[in-house]
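Enquirer: Everything below, folded, please.
(chains A and B)
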Amino acid sequence: MIRYLKDNKFVIGVLVVTIIFSGVTFNNLPILQPFKSTQTLFGVTYDFNTYPSLNDEQIALFNYLRKLITTEPVNSFDNWNAEYFIGFLHYLFAFSVNAMSGMFETNSGYRTDYYQETAYQLIKKMNTTVAEFGNNSIEYIEWDRTTYTSYYWPNATDNSTLYMGGYRGPANIMWTAHFALMETLYERSFNESIFLDEIDSFVNDWNNSLTTDGYGNITEGGIWGVGLIPCEPYIVFAQCNSIAIYCTELYDSLFGTSYMDMWDYGLNFINTEMHNEYSLFVDGYYIQEPIESSGGMGSGVPSSIPGPAVNRYFEDGRPAESSYSNAWTLLMLEYTQPLKTAADYPVFLEKYGVDVAGDQMYITGSFNNPSFGSITDMLGTLYSCVLAKQRGDFTTVQRIQKFLYSPYNTIWSENGREMSYDTSSLFDFLSPVLAALRIWSTTPVTVRDLAEARSSAFWDYPFISQADDDKIWVYYAKWDPVNSVFLLNIKVDQTANLTFSNFNHIPIAYQGGSQVSSLANSGSDYTLTLQPGSYNLIVV
Amino acid sequence: MSEEKKNKRKKISGKFLSEKFQINSAKSFLITILYSFITIGLYLLFSLIPQLYTVVGLFRFGLILPLVLIPTIGAIRGPLAGFITGYIGTLLTDLVLYRVVLVFTIPYIPFGLLGFIVGFANYQLNNGKSLVKLAIFSTLTFLLSILLITVISITLQNVSLLVVIGFATLPLLTMGLPSIFLLTPLYCRLWYIIAYNAYPSLLNLINKLKSREE
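Expert: Residues are numbered from 1 along each chain as shown, chains lettered A, B, ... in the order given. Just a heads-up that it's a prediction; the model follows:
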């Protein structure tokens, strides 16, 4: 034995070092997928492997975000470490609702406070006003810090013309569209009818801006003549308007209206005038001479107005372009113009995609100024990930995610219910951003899917209305209207109760063809008690 | 130098190269190609294993299991097998797993060179000192590969300098180098045990069983 060790001391030494070295690399283990089985009940086969479900990682990331959102007052933003990114924080709130709505849809039969309260708090945070909260408000961050508050149309400084300032519009489509969409997605997910009046007012205001001169006279192209609404009062962006267009699609689907017609002129405008030589969108179009601050991120003022924003780094007047603008617009408009997104997506990847290695790529902020390190580079990479998922291009999703996430360790809370990314080596604000993005780019529901309302019959289906949310992991919870059964894939950490509503008889939960439990009656609802373990339940 | 000596030297050097490349006979050539493609298959399989790593500040540490197959096959079967495995293995993996082939396949050449250069030296895989030589030589060769990868990324792939340093050069230094240094001798020794101990023993056992049956 000793002789063997002597003869092989180098190999044994290397083996020991390798084992020690490998031992310290186990903190980023891949997440195991939930337990899924195939079951037959009363002659019908239910294959849980085929149901698009959530996984532990997505739920743990949601728990992390939920904690950030619900453990601070609506007018506090301390949990987010966004000191240097304060102008972006409320758009993280807005896009988080988009991301989370995919989870809400995956588990459409799980509608407890767990999801609902999180979405509601985000909406409340987005709508904090100066009147109520002073400088600790999104109104202050979004609008009052800027020079946009006094703006008029068509003469920016003539206060006898049409007033363009104001946090809630008419020329702040960036905030109004995001906020209206947050509310509309909330109503789509939870059908509470608490935001309907507000959503109506926004949609009507957009209709007024897009189809009249602002004074009530019908005008083609609306107030600004381009069929679009500005963010800063002097410039329109395809990406910001795409949120409002998408919101209008969902609004029409929810309420059977036909407001989408008001966007015809604007859609044509962004597909023609706001296009560059590659048929990709330009990053901004000036409708008015700006006073003081000029343009959005990277956009320069053109020599003649109206006209497309120009690239600040070249003197030849080439239009401004950015990957984030294109990825975002293609993503949000795919439901409205699927052929254009399908045709533009490969061009987009060709112009902006940069291969770091076979397994990694990033999206450069601008193909005219290729780089990586700026906010626009990062935004382009983030939105492209979600766009790629929507296009079914999972290889690109995988490659971008490897680029985005591999530099960070994952951190799990002590109770094992929350997960986040340790981005402290760069900046802490990236952690919630990456958490929301991971959910958005990996859940089995796309932005396009969410543009359509649920059927009216849906709201009569049985669902989980209350639960011990902090003791369970719900991977799939949905009513199957064809077979009239509730399908539930769940893991239980500690004994937990789940209350079902809308059953008109005492339901029974089955697993593997055998009865797990009959549900206890509590008023008009029924409660299921589950012991710790993993379940694929069919509740009949 | 006489014409005869020159011819002799040419013959010797030609013989040396064909032996070194393990292509001195049709059979040898075929075995070299076979070894290369088996290793390419292994490279693909190893690439499917999720990579474990840990991050300390800006540095990522871990072991890149497939990468080590390249100097290993170079050491076992010579430069040609090393080059084929490094070049085609990385190329094929990108094509199969990520549906991408990087600029005219040039970025895969440094991986081919890794196997090629390592394959030029002679190693005794049952000898500790020789394995030390292999570990050091592979590591130095891989440093050259990293240099080439860095240059190719910046020039041909147009990757931003910051990204190249953070996402290519640094990870190759902190994960690739330890992988090559630690695992190449281990892979080679494992190969030696299988090829020269386990496999002959297995053949012996099978022959004994056969003769008993007869």
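Enquirer: Now the residue most central in space within chain B: which helix or strand?
Expert: Most central residue of chain B, judged by C-alpha distance to the mean C-alpha position with C-alpha atoms, centre = their mean, is residue B:70 at 1.5 Å. Assignment of secondary structure by DSSP states H and E places residue B:70 within helix B:69-77.
Enquirer: How about residue B:163?
Expert: For residue B:163, the enclosing helix or strand under DSSP H and E is helix B:161-163.
Enquirer: what's the answer for residue B:171, then?
Expert: Of the helices and strands defined by DSSP H and E, residue B:171 is found in helix B:170-171.
Enquirer: report the longest helix in chain B, please.
Expert: Among the segments of chain B that qualify as a helix by DSSP state H, the longest is helix B:128-155.
Enquirer: Can you name the residue of the stretch 301-450 of chain A nearest chain B?
Expert: Per C-beta to the nearest C-beta, residue A:358 is where the stretch 301-450 of chain A lies closest to chain B, at 3.0 Å. Every C-beta, even on glycine, is put in place using the N, C-alpha and C of the backbone.
Enquirer: so how many other residues sit close to the residue in chain B that chain A sits nearest to?
Expert: Per C-beta to the nearest C-beta, residue B:94 is where chain B lies closest to chain A, at 3.0 Å. Using other C-beta atoms under 10 Å in any protein chain shown as the criterion, residue B:94 is surrounded by 21 other residues.
Enquirer: That one looks like it's in a helix, true?
Expert: Yes: with DSSP: H, G, I helix; E, B strand; the rest coil as the criterion, residue B:94 is located in a helix.
Enquirer: mind showing which ranges of chain A have poor pLDDT?
Expert: Along chain A, the model assigns pLDDT under 70 to residues A:1, A:147, A:169, A:292-298.
Enquirer: elements contacting the biggest helix by length in chain A?
Expert: Scanning chain A for the longest helix, with DSSP H as the assignment, gives helix A:86-106. Packing contacts for helix A:86-106, counted by 3 or more C-beta pairs under 8 Å, 6 or more residues apart in numbering or on different chains; DSSP states H and E, involve helix A:56-70, helix A:113-126, helix A:173-190, helix A:430-442.
Enquirer: In CSV: the ones you listed, plus distance to residue A:39 and mean neighbour count.
Expert: Below are the helices and strands packed on helix A:86-106 laid out as CSV (distance: least, C-beta to C-beta, whole Å; neighbours: other C-beta atoms under 10 Å in any protein chain shown):
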stretch, distance to residue A:39, mean neighbour count
helix A:56-70, 22, 21
helix A:113-126, 26, 19
helix A:173-190, 28, 24
helix A:430-442, 26, 23
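Enquirer: Any chance of a markdown table for these, columns distance to residue A:505?
Expert: As requested, the helices and strands packed on helix A:86-106 are arranged in a markdown table below (distance: least, C-beta to C-beta, whole Å):
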| stretch | distance to residue A:505 |
| --- | --- |
| helix A:56-70 | 31 |
| helix A:113-126 | 26 |
| helix A:173-190 | 25 |
| helix A:430-442 | 36 |
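Enquirer: can you redo those as CSV with distance to chain B?
Expert: What follows is the helices and strands packed on helix A:86-106, written out as CSV (distance: least, C-beta to the nearest C-beta, whole Å):
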stretch, distance to chain B
helix A:56-70, 13
helix A:113-126, 29
helix A:173-190, 28
helix A:430-442, 13
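Enquirer: thought the residue of the stretch 301-450 of chain A closest to chain B was touching residue B:96?
Expert: No: proximity of residue A:358 to residue B:96 does not meet the contact threshold set by C-beta atoms under 8 Å, at 9.8 Å.
Enquirer: So what's the residue count around the closest residue in space to residue A:173 that isn't next to it in sequence?
Expert: Spatially, and ignoring its direct neighbours in sequence, residue A:173 is nearest to residue A:229 (3.9 Å; C-beta to C-beta, 6 or more residues apart in numbering or on different chains). Other residues near residue A:229 come to 27 when the count uses other C-beta under 10 Å.
Enquirer: Now do residue A:229 against chain B, distance only.
Expert: Between residue A:229 and chain B the distance, using C-beta to the nearest C-beta, to the nearest Å, works out to 35 Å.
Enquirer: residue contacts, the residue lying closest to residue A:61 once chain neighbours are set aside?
Expert: For residue A:61, the nearest residue in space outside its immediate sequence neighbours is residue A:435; the separation is 4.5 Å by C-beta to C-beta, 6+ apart. The contact partners of residue A:435, by C-beta atoms under 8 Å, 6 or more residues apart in numbering or on different chains, come to A:61, A:64-65, A:419-421.
Enquirer: quick revisit: quick one, grab the pLDDT at the residue nearest to the centre of chain B.
Expert: Listed pLDDT for residue B:70 reads 98.
Enquirer: thought it was touching residue B:93?
Expert: No: when contacts are counted by C-beta under 8 Å, residue B:70 is not listed as touching residue B:93 (11.5 Å).
Enquirer: Show me whatever sits in contact with both of those two.
Expert: Between them, residue B:70 and residue B:93 share the neighbouring residues residue B:43, with contact defined by C-beta under 8 Å, 6+ apart.
Enquirer: Relative to residue A:316, how far out is the nearest residue to residue A:8 once chain neighbours are set aside?
Expert: Nearest-residue entry for residue A:8: residue B:128, 6.4 Å, with adjacent residues in sequence omitted and distances by C-beta to C-beta, 6+ apart. Distance from residue B:128 to residue A:316, counting by C-beta to C-beta, to the nearest Å: 66 Å.
Enquirer: More neighbours: which of the two?
Expert: Summary of the neighbour comparison: residue B:128 and residue A:316, criterion other C-beta under 10 Å, with residue B:128 having more neighbours (19 against 6).
Enquirer: Help me confirm that residue A:78 comes into contact with residue A:68.
Expert: No: counting by C-beta under 8 Å, residue A:68 is not a contact partner of residue A:78; they are 9.7 Å apart.
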